[in-house]
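Enquirer: What follows is a predicted protein model with its sequence.
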Amino acid sequence: MAISINGSTNVISGVAVGGLPDGIVDTDMLAADAVTAAKTTVAGITMMDQWRLANNIGLGANTTAGLYSNWERNDNNFAQIGSGMTESSGVFTFPVTGIYRVDCRWNVFNASTNNRYVSVRTELSTDGGSNYSVIANAITNLPNLGETIDHATCDFVVDVTNPSNFKIRTLASSNEAFTFAGNQWGGIAANSQTCSMTFMKLGDT
């Protein structure tokens, strides 16, 4: 259809979708009621999930062991956004592709005066769990003061291009036996985030 201009009605017809050059329409040319709410809506956070250790987990001295049990999704004044993470024996799988931020928080305690540190590392697999590599590491500095209590945090951003193959897990080691604090440790109110991981999708990959 040829482009035609009606001088009586000031109507231009025959312009195909996408037929106007870039920059020809600006905000001044738009009527106040021409843009609907649906067209101006900016997508917010589409996925957020939070997990924690429900009970204490003790690990031995001079060993590297994983946090493979006692995980639970936060169910206290929290509701996940989107599909959420999948957890199986301490291994977390991402639900969809995207750019994710992961925040890790660890609280540990130990009764030995010889314990000088606890190293907690998060490992990432991009091949479905066949191989893992360290993506983040947190190290506490336990003082030599009898019963020792300390915490460590770390965070990282990962580009999940294949949710079926991208998995993360947590391992820890120390020179002496120590314990990760569950959500009711030391008289802390039940269902608190003591050792936890928070997952947030920042955007599309």
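Expert: Everything's here; your move. Numbering: from 1, shown residues only.

Enquirer: Contact partners for residue 151?
Expert: 105-108, 140 (C-beta atoms under 8 Å, 6 or more residues apart in numbering). To be clear about C-beta, it is placed using only N, CA and C from the backbone, and glycine gets the same treatment.

Enquirer: Now do it, the pLDDT please.
Expert: Looking at residue 151, its pLDDT is 84.

Enquirer: How about the secondary structure of it?
Expert: Following DSSP: H, G, I helix; E, B strand; the rest coil, residue 151 is assigned to strand.

Enquirer: mind checking how far it is from residue 109?
Expert: 10 Å (C-beta to C-beta, to the nearest Å).

Enquirer: coming back round to it: out of the contacts of residue 151, which comes closest to residue 119?
Expert: residue 140 (8.0 Å; C-beta to C-beta).

Enquirer: my guess is the closest one meets residue 152, correct?
Expert: Yes - counting by C-beta atoms under 8 Å, residue 152 is a contact partner of residue 140 at 4.6 Å.

Enquirer: Give me the more crowded residue out of the two.
Expert: Counted by other C-beta atoms under 10 Å, residue 140 and residue 152 do not tie: residue 140 has more neighbours, with 24 against 19.

Enquirer: got the contact list for the more buried one?
Expert: 106, 108, 117-118, 120, 150-152.

Enquirer: one step back: and for residue 140 and residue 152, which residues touch both?
Expert: 106, 108, 118, 120.

Enquirer: Please identify which helix or strand holds the second one.
Expert: For residue 108, the host element (DSSP states H and E) is strand 98-110.

Enquirer: Show me what that strand pairs with in its sheet, parallel or antiparallel.
Expert: Paired with strand 98-110 in the same sheet, following DSSP bridges, are strand 148-160 (antiparallel), strand 178-180 (antiparallel), strand 196-203 (antiparallel).

Enquirer: In CSV, could you pull the C-alpha coordinates for that strand?
Expert: Extracted C-alpha coordinates of strand 98-110, given in CSV (Å, rounded to 0.1, in the frame of the first residue of the first chain):
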residue,chain,number,x,y,z
GLY,A,98,20.4,-15.7,33.8
ILE,A,99,22.9,-13.6,35.7
TYR,A,100,22.7,-14.6,39.4
ARG,A,101,24.2,-13.1,42.6
VAL,A,102,24.8,-15.5,45.4
ASP,A,103,25.4,-14.3,49.0
CYS,A,104,26.8,-16.8,51.6
ARG,A,105,26.9,-16.3,55.3
TRP,A,106,28.6,-18.7,57.7
ASN,A,107,28.7,-18.8,61.5
VAL,A,108,31.0,-21.4,63.2
PHE,A,109,32.0,-22.3,66.7
ASN,A,110,34.6,-24.5,68.3
